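**Student:** no sequence on this one, just coordinates:
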C-alpha cells in the first residue's frame, strides 16, 4: 500500500488519560498489519495537523512513531516511520524549541533538550538504521521517544506550570463526561 490509499485517521488520546504514562513495548515483527498501522498513524498525524506521533497517542503501547518535519509550505512530504528507537548519543549542547503535543492540544511551552541526537531504529522494511539529527528533527525525535517511555514534554516544565496544565486538562475531561 502506498501512502494516501485507503488510510484512516484514529482518535487521539488526550491528557489526563493515564495511557499516556504507559511505557511502550518493543515491536516484535514488521508485517502488513504494522505497515497499515504506520500509514494510519501518518494520516492521523497529517490530519491533526502535527509533525510527530507516537503509537501510544492512538492507544497502542508499541515502540513506534511517525514524523515529518519537512516544510509543509513547499508541499513535499517526507514521512519517517521509526520502530524501536534507541538514543545512542545526545549532545551536551542544548537548544530550546517551543513544543506542542497532539495529546495536549493548544498548549505550547519552550523546552530545552540536547541540540543533536544519534538514534538507532528499524525502518518499515525491517532494516536497522542510524540517524544523526539536529534542530527540529532532533527535538521531534526526542519528544516522540519520550512518549514511548511514558514521558510528556510538560515534564520538562516547572512543577507549578505542569500541575496547572494537568489540572486544566483534567477539568476539561470532566466536563466532557
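**Tutor:** Noted; the coordinates are in hand. All figures in this text were calculated on a predicted structure; none of them were measured in a lab.
**Student:** from here on, contacts and neighbour counts on C-alpha atoms
**Tutor:** OK.
**Student:** all strands for the protein, in order.
**Tutor:** Assigned by DSSP state E, the strands in the chain fall at 52-54, 64-67, 80-90, 94-101, 104-114, 116-122, 128-134.
**Student:** in the fourth one, what counts as buried?
**Tutor:** Applying a neighbour-count criterion of 16 or more other CA atoms under 10 Å, the buried positions in strand 94-101 are 95, 97, 99, 100, 101.
**Student:** any idea how far the fourth one lies from residue 142?
**Tutor:** Put plainly, it is residue 100. Per CA to CA, to the nearest Å, residue 100 is found 13 Å from residue 142.
**Student:** any low-confidence regions in this structure?
**Tutor:** Residue ranges of the chain with pLDDT under 70: 1-6, 72-74, 177.
**Student:** what segments of it are helices?
**Tutor:** Under the criterion DSSP state H, the chain contains helices at 32-47, 135-148, 159-176.
**Student:** now distance to residue 164 too, for the strands of the chain, in CSV please.
**Tutor:** What follows is the strands of the chain, written out as CSV (distance: least, CA to CA, whole Å):
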stretch, distance to residue 164
strand 52-54, 24
strand 64-67, 28
strand 80-90, 30
strand 94-101, 16
strand 104-114, 11
strand 116-122, 30
strand 128-134, 31
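**Student:** those strands: which one's closest to residue 146?
**Tutor:** Nearest of those to residue 146, taken as CA to CA: strand 52-54 at 9.1 Å.
**Student:** list the pairing partners of that closest one within its sheet, with orientation.
**Tutor:** strand 64-67 (antiparallel) (DSSP bridges).
**Student:** now the partner strand, how far from the centre of its chain.
**Tutor:** Centroid displacement of strand 64-67 relative to its chain, using CA atoms, centre = their mean, to the nearest Å, is 6 Å.
**Student:** would you mind giving the buried residues of strand 94-101 as CSV with distance to residue 38 added?
**Tutor:** Listed next are the buried residues of strand 94-101 as CSV, based on distance: CA to CA, whole Å:
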residue, distance to residue 38
95, 29
97, 26
99, 23
100, 21
101, 19
